[in-house]
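Engineer: Sequence first, predicted model second:
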Amino acid sequence: MIKVPSFLVVGAPKAGTSSLYQYLQKHPDIYLPDQKELHYWSSAALAENTSGPGDQYSLLNVVTTWRYYCRQYKAAALEKQLGDVSPSYLYFYNRVIPELKRQLPAVKIIIMLRDPIERAYSNYRHQQRLTYEPLSFAEALDCELKRSYAGYSDFWRYAAHSQYFLPCDAYVKAFGVANVHFITFEELKDNPSDVMSNVFSFLDVDENFRPDNLDKIYNSGGRFKESLLMRFLLRPSRFKSYFYNSLNEEWIQAYRSLKLKFTASQKLPIPEIPCEVRAQLTDLFRDDVEALSSKYDVNVKLWSGYDGK
């Protein structure tokens, strides 16, 4: 019998899905592949735009065939729910949803969102941290459309990835409101126990289970001292991909632990978003945020500049 996911975490990128993946993985009734992001359902779309710095490397671990995708779930045993956490599925909703309806029509959808301004800035800081992004935040936002036309990957579309309403609305219309669950980065950070209890209830597994790692935040990003070693650790590469895939789970955990400790020692303060840029983005996202809040009751009260309903 072929095992396939019963739920997807579809995004958004830089909204806390790494922490959510780690918490979900702790539940005894939930199975997640060792590779957090498979991107199978968006693989064709991702491969169409790879002209930006580092874009080619971002495709190294993308799963492109149905056979290999199903292999990610062969080790699942008695778990009730199998999941796929791939943040690109939200942005590429118009490509992903028809395929899901055809092959996984009963799948449940979890959508994790974040203050759109902070998410866009975190996205920008990610590219800057990898030394791919040479522009200021304001300049990069102005160049977003130009880069898109030049064939840069979607990950360079900092503002576009923070416009949530259309993709969220599409998922709800496709799968029904009862099969789509919204959470926010801010809620998970402030009250992880209650948020995870609601997620477990949505997935029909024991909602009273408490992961023992809720005090940890994963892939938190940040700003780091520049060095060749930091560049090697942070940037993806073919060598690192092959090396990582050759390790067993024990060595993978040891590598992650050492990397986390070293990068934590290299952190620097993150510059504030310029006031004029924040004001510009607040206006840009206002209608989108208000639509999310009013139609789907997404809690936006912790998002800067937005009061909710």
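Structural biologist: The structure has been received and is ready for your questions. Residues are numbered from 1 along each chain as shown.
Engineer: can we go C-alpha only for contacts and neighbour counts from here?
Structural biologist: Fine.
Engineer: Which segments of the protein make up each domain?
Structural biologist: Domain assignment for the chain by automatic domain parsing gives 7-218+281-296, 223-269.
Engineer: pLDDT of the shortest one, averaged?
Structural biologist: What domain 223-269 shows for mean pLDDT is 68.
Engineer: One more: the longest one?
Structural biologist: When the per-residue pLDDT values of domain 7-218+281-296 are averaged, the result is 96.
Engineer: just to revisit the earlier point, highest average neighbour count across the domains of the chain?
Structural biologist: Most buried of these, by mean neighbour count (mean count of other C-alpha atoms under 10 Å): domain 7-218+281-296, with a mean of 18.
Engineer: So what's the gap between it and the chain middle?
Structural biologist: Between the centre of domain 7-218+281-296 and the centre of its chain there are 4 Å (C-alpha atoms, centre = their mean, to the nearest Å).
Engineer: before we move on, the earlier item: for the domains of the chain, which one sits closest to L302?
Structural biologist: Smallest distance to L302 across the domains of the chain (C-alpha to C-alpha): 6.7 Å, for domain 7-218+281-296.
Engineer: follow-up on the earlier one: can I get the domains of the chain in a markdown table including distance to S304?
Structural biologist: Supplementary listing: the domains of the chain in a markdown table, determined by distance: least, C-alpha to C-alpha, whole Å:
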| stretch | distance to S304 |
| --- | --- |
| domain 7-218+281-296 | 7 |
| domain 223-269 | 20 |
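Engineer: Let me know which of the ones you listed is the nearest to C275.
Structural biologist: With C-alpha to C-alpha, the closest approach to C275 among the domains of the chain belongs to domain 7-218+281-296: 10.0 Å.
Engineer: what are the ranges of the strands in the stretch 101-250 of the chain?
Structural biologist: Along the stretch 101-250 of the chain, counting by DSSP state E, counting those that start in this stretch, strands occupy 108-113, 180-184, 223-224.
Engineer: Quick check: which of the ones you listed is nearest to Y149?
Structural biologist: Comparing the strands of the stretch 101-250 of the chain by their distance to Y149 (C-alpha to C-alpha), the top pick is strand 108-113, with 26.4 Å.
Engineer: Adjacent strands (with direction) for the closest one?
Structural biologist: The partner list of strand 108-113 in its sheet, established with DSSP bridges, is strand 7-9 (parallel), strand 180-184 (parallel).
Engineer: now the strands of the stretch 101-250 of the chain as JSON lines including distance to K261?
Structural biologist: Rendered in JSON lines, the data for the strands of the stretch 101-250 of the chain read as follows (distance: least, C-alpha to C-alpha, whole Å):
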{"stretch": "strand 108-113", "distance to K261": "27"}
{"stretch": "strand 180-184", "distance to K261": "27"}
{"stretch": "strand 223-224", "distance to K261": "13"}
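Engineer: Which of these sits closest to Y296?
Structural biologist: Of all the strands of the stretch 101-250 of the chain, strand 180-184 comes closest under C-alpha to C-alpha, at 8.3 Å.
Engineer: Other residues contacting that closest one?
Structural biologist: 15, 108-114, 171-172, 195, 199, 202, 298-299 (C-alpha atoms under 8 Å, 6 or more residues apart in numbering).
Engineer: returning to what we had before: export the strands paired with strand 108-113 to JSON lines and tack on distance to D34?
Structural biologist: Shown next, in JSON lines, are those (distance: least, C-alpha to C-alpha, whole Å):
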{"stretch": "strand 7-9", "distance to D34": "15"}
{"stretch": "strand 180-184", "distance to D34": "23"}
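Engineer: Of the ones you listed, which is nearest Q25?
Structural biologist: Closest approach to Q25 among these is made by strand 7-9 (12.6 Å; C-alpha to C-alpha).
Engineer: What lies in contact with the next helix or strand after the closest one?
Structural biologist: Using DSSP states H and E, the next helix or strand after strand 7-9 towards the C-terminus is helix 17-25. Under the contact criterion C-alpha under 8 Å, 6+ apart, helix 17-25 has outside partners 9, 11, 30-32, 36, 85, 87, 112, 196, 211, 213-214, 216-219.
Engineer: Many thanks, have a good one.
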